[in-house]
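In: Structure of the sequence below:
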Amino acid sequence: MSRYFNFKILNNASEYYSFLRKERNNVKNIRQYETPILYQPNLIDRVNLKTTTHMWAVGDRYYKLAQQYYGDPTLWWIIAWYNGRPTEVDVLPGDVLTIPIESDQILTMLGVA
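Out: As a prediction, this is how the structure comes out:
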């Protein structure tokens, strides 16, 4: 399931994006997802989550970890978000990541499920 599952698709005809419409053969509007606003779990929320740890190694990828722990590689962003490391470049071999175990629980907590 995509993290944008519950978000509307907007037709953006804003003047701010006129340069994009021009680059795209003068289309009238640009379709995009509304911006998700994620809830930031507090300490109590985080304590109540079941987690495990993973030591980052050469060859690791967020999507591989998401497949391993959630059975869905598209949920890679949960691991990145939870650890405050938006891209794999931000993780070095030997770094320990905390991985929330139950993807449904974290998606509900963030307000995207």
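
In: So which residue is dead centre in this protein?
Out: Residue closest to the average C-alpha location in the chain (C-alpha atoms, centre = their mean): residue 77, at 3.1 Å.

In: element containing it?
Out: Assessed by DSSP states H and E, residue 77 sits inside helix 76-83.

In: Tell me which other helices or strands that helix touches.
Out: helix 62-70, strand 96-100, helix 103-110 (3 or more C-beta pairs under 8 Å, 6 or more residues apart in numbering; DSSP states H and E). The way it works is simple: take the backbone N, C-alpha and C, and place the C-beta from them, glycine included.

In: Burial check on residue 99, number of neighbours?
Out: 21 (other C-beta atoms under 10 Å).

In: contacting residues for it?
Out: Contacts for residue 99 (C-beta atoms under 8 Å, 6 or more residues apart in numbering) come out as 51-54, 65, 69, 79, 82.
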